[in-house]
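**Q** Next comes the sequence, and after it the predicted model I'd like to discuss.
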Amino acid sequence: MVGLPYRLHRPAIGDLDDYAALHADAATWRHHPDGRHTDLEQSRSALLRDIEDWQRDSLGFWIVRAGDDGSVAPEGTFLGVCGCRSAREGLIWNLYYRFVPAFHGHGLAVRVGRESVHAAHATDPDRPVIASLLEHNTASRRTAERIGLALRWRGPDAEVHDGIRLLYADRPLPPATLDSLTRT
């Protein structure tokens, strides 16, 4: 898929302003408003955790910036965050993608998501890659499917009142893993 060129880099504290703006943007939390960052310290804490993930696991969420094409965005423009983080005490890789709304529709989540899954498989191929999302977020569902993940579980969400949580994964999940992920 050809689209907006991008560069990936490990998160750094210098990314805080862009990171905070993305995570505070109500448009990026339309499907889960309670997840929105409400102050800079919340974003700083999350970014520091992202930095620590890379130090501990040699993998985590990348900062995504525009590449050198410049046709849609100047080189270095912040586009979003995407990657796989170790979760559930190393039981799974959690795939995450969140992009600045102005850059939706360029295939970034699918392309960087596939790259993220590939990196997770290269780092620890025995660990499943999971994308956890709300059922009413149809764009995220389509993205997970285009990345190559399949629906493995559907049930009540522990965080969102009357929400339905979907778990997509790159493989069938052992019962113990599924139980750990779905326990409320």
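**A** Thanks, I have it.

**Q** Go through the lengthiest helix in the chain and flag the buried ones.
**A** Across the chain, the longest stretch assigned as helix under DSSP state H is helix 40-57. Going by neighbour count (16 or more other Cβ atoms under 10 Å), the buried part of helix 40-57 is Ser43, Ala46, Leu47, Asp50, Ile51, Asp53, Trp54, Asp57. (Glycine included, C-beta is placed from N, CA and C.)

**Q** distance between the helix or strand just after it and the chain's centre?
**A** Going down the chain from helix 40-57, the next helix or strand is strand 61-66, by DSSP states H and E. How far strand 61-66 lies from its chain's middle: 11 Å, per Cα atoms, centre = their mean, to the nearest Å.

**Q** So what are the sheet partners of strand 61-66 and their directions?
**A** Sheet pairing of strand 61-66 (DSSP bridges) gives strand 6-9 (antiparallel), strand 78-87 (antiparallel).

**Q** Format the buried residues of helix 40-57 as JSON lines; extra columns: distance to Asp25 and pLDDT.
**A** Formatted as JSON lines, the buried residues of helix 40-57 follow (distance: Cβ to Cβ, whole Å; pLDDT from 0 to 100):
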{"residue": "Ser43", "distance to Asp25": "11", "pLDDT": "95"}
{"residue": "Ala46", "distance to Asp25": "14", "pLDDT": "95"}
{"residue": "Leu47", "distance to Asp25": "15", "pLDDT": "97"}
{"residue": "Asp50", "distance to Asp25": "17", "pLDDT": "97"}
{"residue": "Ile51", "distance to Asp25": "21", "pLDDT": "97"}
{"residue": "Asp53", "distance to Asp25": "22", "pLDDT": "96"}
{"residue": "Trp54", "distance to Asp25": "24", "pLDDT": "97"}
{"residue": "Asp57", "distance to Asp25": "27", "pLDDT": "95"}
